[in-house]
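K.L.:
Sequence first, then the predicted structure:
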Amino acid sequence: MTTRIYVPCDAAALSVGAEAVANAVHAEIVSRKLDLKLVRNGSRGLLWLEPLVEIETPKGRIGYGPVKASDIKGIFDAGLAAPHALNLGLVDEIPYLAKQQRLTFARCGITDPLSLEDYEAMETTLYLLGNPTNAKLLREGIAELDAGGGVKHNTVPVRRRSRKQ
Amino acid sequence: MLGKERGSKVHWDPETAREIAMDLKDLEGPLLPILHAINERFGYISNDAIVLIADVLNLTRADVQGVVGFYHDFRREPAGRHVIQVCRAEACQSMGSEALAERLERALGIKFGETSPDRNVTLLPVYCLGNCALSPSVMVDGELHGRMDEGKVLALVHEERP
């Protein structure tokens, strides 16, 4: 699956050079022929770390910040999510963010604000995780799958029921 | 919202100006939209423009002049090729924007509200760009820049020099 790399496009991040950073990331993806998708998200709100670049990993998003366009080559050279002077570790675990409970800004920084698909995926996830029992079961299921407990099935196309019924 | 604040605009042309005013005059509250359009097209609101707008809207010149004078974004003379707006509100002040403002005045040889003699730069104050966490903030030609210092600001207005 294509891994996503995030560079914010909100006014604050842009005011400190996020556009040049995004261009540099794009150039590295192209020249190294990487299976990476550059996503322009909103800011996670950690403005002192902007431009904050995040890379998706199985454990969560690893952040780099504050990043300059000239840092990008070095970050790619070191290997994404590998140790680097600007590597902040898991962004969700940065104390300022970890202790927040977000409501109106729940999606900000997580999704591409112009992607309906992102919006709907997040909506569903938030709903499913909104119930503690459900969230526990889901997380156990995901852990089981990650631990190799999955069974592969061939998908059978499901015919939708007609609306007239 | 602040648009691109570029200096060099189309030369004054009464026919174009009248067309702009006639196009917008039937709006509800047509004066501000007309002033914005004229300011955007010609870079400033000249005395000729005030006379013309007063005529089209059947207002007194004093009425139009009063509105123009009330809003800082309506210019009464052309701006320089670049417009630097330094935030001088509280958060930026706490991060050294007053010292930055003084250094810019000295480097450019002009005071706030003035345009450099070579017409390259107009220096203006602005009171909060909403980018407080990345103070000091400066808007250059309608584009927001955070964590600014004198060198970065000057680089932004000199980079396009031939």
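P.N.:
Structure received. Residues are numbered from 1 along each chain as shown, chains lettered A, B, ... in the order given.

K.L.:
B:Q85 should be in a strand, yeah?
P.N.:
Yes. Membership of B:Q85 in a strand is supported by DSSP: H, G, I helix; E, B strand; the rest coil.

K.L.:
Now for it, how many residues are close by?
P.N.:
Other residues near B:Q85 number 23, with proximity taken as other C-beta atoms under 10 Å in any protein chain shown. C-beta: built from backbone N, CA, C; applies to glycine.

K.L.:
how about the strands of chain A, start to end?
P.N.:
Per DSSP state E, chain A has strands spanning A:3-6, A:36-39, A:53-57, A:60-64, A:87-90. These are given in chain order.

K.L.:
mind giving me JSON lines with these and columns for distance to chain B and mean pLDDT?
P.N.:
Conversion of these to JSON lines gives the following (distance: least, C-beta to the nearest C-beta, whole Å; pLDDT from 0 to 100):
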{"stretch": "strand A:3-6", "distance to chain B": "19", "mean pLDDT": "94"}
{"stretch": "strand A:36-39", "distance to chain B": "22", "mean pLDDT": "95"}
{"stretch": "strand A:53-57", "distance to chain B": "17", "mean pLDDT": "95"}
{"stretch": "strand A:60-64", "distance to chain B": "17", "mean pLDDT": "95"}
{"stretch": "strand A:87-90", "distance to chain B": "17", "mean pLDDT": "96"}
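
K.L.:
mind putting the ones you listed in a markdown table, mean neighbour count included?
P.N.:
Supplementary listing: the strands of chain A in a markdown table, determined by neighbours: other C-beta atoms under 10 Å in any protein chain shown:
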| stretch | mean neighbour count |
| --- | --- |
| strand A:3-6 | 19 |
| strand A:36-39 | 17 |
| strand A:53-57 | 21 |
| strand A:60-64 | 21 |
| strand A:87-90 | 16 |
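
K.L.:
helix or strand for the residue nearest the centre of chain B, which one?
P.N.:
Using C-alpha atoms, centre = their mean, the residue of chain B that lies closest to the mean C-alpha position is B:D73, 4.9 Å off. Counting by DSSP states H and E, B:D73 is held by no secondary-structure element, helix or strand.

K.L.:
I'd like to know how many residues surround A:R107.
P.N.:
A:R107 has 17 neighbouring residues, counting by other C-beta under 10 Å.

K.L.:
so B:V86 makes contact with B:V138?
P.N.:
Yes. Using C-beta atoms under 8 Å, B:V86 and B:V138 qualify as a contacting pair, with a distance of 5.2 Å.

K.L.:
Any chance you could list residues touching both of those two?
P.N.:
Contact criterion C-beta atoms under 8 Å, 6 or more residues apart in numbering or on different chains; residues bridging B:V86 and B:V138 by contacting each: B:L100, B:V153.

K.L.:
who's in contact with the residue lying closest to A:F76 once chain neighbours are set aside?
P.N.:
For A:F76, the nearest residue in space outside its immediate sequence neighbours is A:E28; the separation is 4.6 Å by C-beta to C-beta, 6 or more residues apart in numbering or on different chains. Under the criterion of C-beta under 8 Å, 6+ apart, the neighbours of A:E28 are A:L34, A:I72, A:K73, A:F76.

K.L.:
name the helices or strands packed onto the one helix or strand in chain A whose mean pLDDT sits lowest?
P.N.:
Each helix and strand of chain A was given a mean pLDDT (mean pLDDT, DSSP states H and E); the minimum falls on helix A:116-129 at a mean of 82. Packing contacts for helix A:116-129, counted by 3 or more C-beta pairs under 8 Å, 6 or more residues apart in numbering or on different chains; DSSP states H and E, involve helix A:132-144.

K.L.:
between the helix it packs on and helix A:116-129, how big is the angle?
P.N.:
Compare the direction of helix A:132-144 with that of helix A:116-129 by axes from the mean of the first three to the mean of the last three C-alpha atoms, to 10 degrees and you get 110 degrees.

K.L.:
who touches helix A:132-144?
P.N.:
Under C-beta under 8 Å, 6+ apart, the answer for helix A:132-144 is A:L128, A:L129, A:G150.

K.L.:
That concludes my questions; thank you for your assistance.
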